[in-house]
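Colleague: fold the stuff below for me.
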Amino acid sequence: MSIQDMRDNSEGIVAKIIVGLIIVVFAAFGMGSITTFLAPVAKVATVNGSDITEQEMQTGISRRRRVLQTQDQAIDEDLLRREVLENLINRRLLTQAAEEFGMQFSNASLDAEIVATDVFQVDGRYDREQFQMIIGGAGYTALGYREEMRRDKMFSQISNGIRSTAFVTKNEVIRTSGLAQQTRDIAFMRLILDDQSQKIEITNAEIATYYDENKLDFMTEEALDLAYVELKRDDLLADIDVVEEELILFFEDTRASYEKPEQRRIAHILIETNDEMSEQDAKLKADEVYQSIQSGGDFAVLAKQFSDDPGSAELGGDLGFNDAGTFVPEFEAAAKLLSLGDFSGPVKTEFGYHILKLTGFEQATTPTLEAFRDKVEHEYRVAAAEEIFVDLSARLSELAYESPDLEGFADELSLEVKFTGLSKRSEAVGIAANPAVLEAAYSGDVLLDGNNSLLLEITPNHHVVVHVKAHEIERLKDFEQVTDEIQDIIRGDKGSIQLRAEAEEIVSLLKGGSLTRYVADKYGLKWTVVGAAARNQASMDREINQQAFALARPAEGEKSVGFSLLGNGDAVVLSVTNVKNKPRDEVVDDDNQNLGKVLAAQQGVIDYREFIGNLTLSGSVE
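Modeller: Now for the predicted structure:
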């Protein structure tokens, strides 16, 4: 899971002032990044004198592998290492460029964005344990995650800066628009591979020779039949008996999770202090807005007009309902003094001056067991099942290691031995298709030595152990099994060669001046004509249309002739005449504006790639 997947780039000053909770997280995690400088550190690359360590490489590989596994993708270890190393080098180059440009992103802004990220919230509120679980599952510490965020923010600033400056000229747009709306008269004849192939006679000697020379193409695929036992936490829930006395104790221990704390709904108008707005000027402006409110001005309207918090300004300054302690202390203290409907004078914080209004208030509620009984009973069962699941998983791991097969211990744990059936690696389904299961099943310890696998985690609440029940090795298919297949291959190969030669002959005749009707009759073919065909003409085969527009523009009154082999093996002979671009005076300005934006965006992508390429070329990567 990447950082971009875990957050949605929320903006707004509310994301700047919600800092209290995240500080607790970093305090709880500790620094987490202090390492010894006494031991030498292995490196995999050096970028402009800055080492990329083996540890960074392994961390990157682990994160990337985790993503591929969740997508059930096959993993090529060599390709994985190359991609991760290339990414690490590019990120190091970008980091150095950002430092050279003097780019920064404050801790407060990063922390506030973390707090505002949906995936780190439970029931609409930031949750420290949820944050820890999500980033921990992705292989990050709290500080490591924040630093990765900081780099991503700076990279985005570089990328956006380059892309936003890309442009194309008006003439380029008009020319491209004319080409995009070009029409051509297209005539084509299609030569069918199957028709050509069926005419070809194949001898037994040819088939035998092809078989002998291409035996690797006729090997069966290795296949396994796996026996397995699986342990799922959720399967244990139904067997958990709810004991009332224990349920009451459980509720008391977890009561806080059912409590609804006191909440205030605050709207605010922020006059932010920054390089362009001094504290004195911000105070004067805040006083003016405050006077307008006192004189009867509409708070929401003034917020939209004057607030420097884009995240809430359009909502009339509304920050929604929040628990006590969500905002910085000065903000909290002022909000606590307000009665419903009241507004404050300018309140100074580290971000500027806020004018607050209390628009809603909800009292804290004290939960009762009866009010939450269904939920409490479910959570009670989950907690009890979790303990049993952990114990059973530990025991399953021990027995799997100690036993020669699964049958010897399955009864002890009340588990059923199941079977996948014989399946090839490329066709595996269900549990047999899981990357961790495949890796274990084809390992030497399990496949060759006949041992049970280690305990495999399909999900945190789903564990399995596998054993190879049957193994079908690769073998050469019998000649008789593949005779028909080889005949088709040889016919296809010969047919393609003959088809190409025939297409070349036709093109040569047409270029030599032969009449189109004469050529068609000579080869028993028929011309299909599409007049004034546009690019991506709906009535035409897409591939033929693309090949026709790939032909060179003929001279006025002439034709452009060529042929192409299609994806299915067929060939097509093409003749293009009467090529017309859209006249400039018929191009709609709105269309040009939209096209210009698209072309500029494409150019921006090219410029950014060239920027990365230049960093690589001008830098030193060892």
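Colleague: elements contacting the longest helix along the chain?
Modeller: Longest helix in the chain, counting residues (DSSP state H): helix 479-511. Other helices and strands packing on helix 479-511, by 3 or more Cβ pairs under 8 Å, 6 or more residues apart in numbering; DSSP states H and E, are strand 183-191, helix 193-197, helix 204-213, helix 516-523, strand 560-565, strand 571-580. (Each C-beta comes from the backbone N, C-alpha and C, glycine too.)
Colleague: now tabulate the ones you listed in JSON lines and tack on distance to Phe419, mean neighbour count and mean pLDDT.
Modeller: Output for the helices and strands packed on helix 479-511, formatted as JSON lines (distance: least, Cβ to Cβ, whole Å; neighbours: other Cβ atoms under 10 Å; pLDDT from 0 to 100):
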{"stretch": "strand 183-191", "distance to Phe419": "50", "mean neighbour count": "20", "mean pLDDT": "95"}
{"stretch": "helix 193-197", "distance to Phe419": "42", "mean neighbour count": "17", "mean pLDDT": "91"}
{"stretch": "helix 204-213", "distance to Phe419": "35", "mean neighbour count": "13", "mean pLDDT": "95"}
{"stretch": "helix 516-523", "distance to Phe419": "58", "mean neighbour count": "14", "mean pLDDT": "93"}
{"stretch": "strand 560-565", "distance to Phe419": "47", "mean neighbour count": "19", "mean pLDDT": "95"}
{"stretch": "strand 571-580", "distance to Phe419": "49", "mean neighbour count": "20", "mean pLDDT": "95"}
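Colleague: and the ones you listed: which comes nearest Leu270?
Modeller: strand 183-191 (56.5 Å; Cβ to Cβ).
Colleague: that closest one pairs with which strands?
Modeller: Strand pairing for strand 183-191, determined by DSSP bridges: strand 528-534 (antiparallel), strand 571-580 (antiparallel).
Colleague: got the angle for that strand vs strand 560-565?
Modeller: Counting by axes from the mean of the first three to the mean of the last three Cα atoms, to 10 degrees, strand 183-191 lies at 50 degrees to strand 560-565.
Colleague: now strand 183-191: how far from the chain's centre is it?
Modeller: Chain-centre distance of strand 183-191: 41 Å, with Cα atoms, centre = their mean, to the nearest Å.
Colleague: residues in contact with that strand?
Modeller: With Cβ atoms under 8 Å, 6 or more residues apart in numbering as the contact definition, strand 183-191 has outside contacts at 499, 502-503, 506, 516, 520, 523, 525-534, 540, 544-545, 548-549, 570-580.
Colleague: coming back round to it: which one, of the helices and strands packed on helix 479-511, ends up nearest to Glu427?
Modeller: Going by Cβ to Cβ, the one of the helices and strands packed on helix 479-511 nearest Glu427 is helix 204-213, 24.4 Å.
Colleague: paired strands for the helix or strand just after the closest one, with orientation please.
Modeller: Going down the chain from helix 204-213, the next helix or strand is strand 223-232, by DSSP states H and E. If you go by DSSP bridges, strand 223-232 pairs up with strand 418-419 (antiparallel), strand 423-424 (antiparallel), strand 462-472 (antiparallel).
Colleague: mean confidence for the second one?
Modeller: By that I understand strand 423-424. Mean pLDDT, strand 423-424: 90.
Colleague: counting by contacts, list what the helix or strand following that strand packs against.
Modeller: Sequence-wise, the next helix or strand downstream of strand 423-424 (DSSP H and E) is helix 435-441. If contacts are counted by 3+ Cβ pairs under 8 Å, 6+ apart, helix 435-441 sits against helix 54-70, strand 223-232, strand 456-459, strand 462-472.
Colleague: quick one on the thing from earlier: okay, buried residues for the longest helix of the chain please.
Modeller: 482, 486-487, 489-492, 494-496, 498-499, 502-503, 506-507, 509-510 (16 or more other Cβ atoms under 10 Å).
Colleague: returning to what we had before: now for the helices and strands packed on helix 479-511, which one comes closest to Thr273?
Modeller: The nearest among those, by Cβ to Cβ, is strand 183-191 at 60.2 Å.
Colleague: so that closest one versus helix 479-511, what angle?
Modeller: Using the same axes, to 10 degrees: strand 183-191 against helix 479-511 is 140 degrees.
Colleague: gap between Gly297 and Asn107?
Modeller: Gly297 sits 36 Å away from Asn107 when distances are taken as Cβ to Cβ, to the nearest Å.
Colleague: just to revisit the earlier point, return the most buried member of the strands paired with strand 223-232.
Modeller: Across the strands paired with strand 223-232, averaging neighbours per residue (mean count of other Cβ atoms under 10 Å) puts strand 462-472 on top, at a mean of 20.
Colleague: just the CA atoms of it, as CSV, please.
Modeller: Output of strand 462-472 as CSV, limited to C-alpha atoms (Å, rounded to 0.1, in the frame of the first residue of the first chain):
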residue,chain,number,x,y,z
HIS,A,462,-7.1,-16.6,8.3
HIS,A,463,-4.2,-19.1,8.6
VAL,A,464,-3.4,-22.2,6.6
VAL,A,465,-0.9,-25.1,6.5
VAL,A,466,-0.4,-27.0,3.2
HIS,A,467,1.0,-30.4,2.3
VAL,A,468,1.7,-31.7,-1.2
LYS,A,469,-0.6,-34.7,-1.7
ALA,A,470,0.3,-35.4,-5.4
HIS,A,471,2.9,-33.9,-7.7
GLU,A,472,2.8,-34.2,-11.5
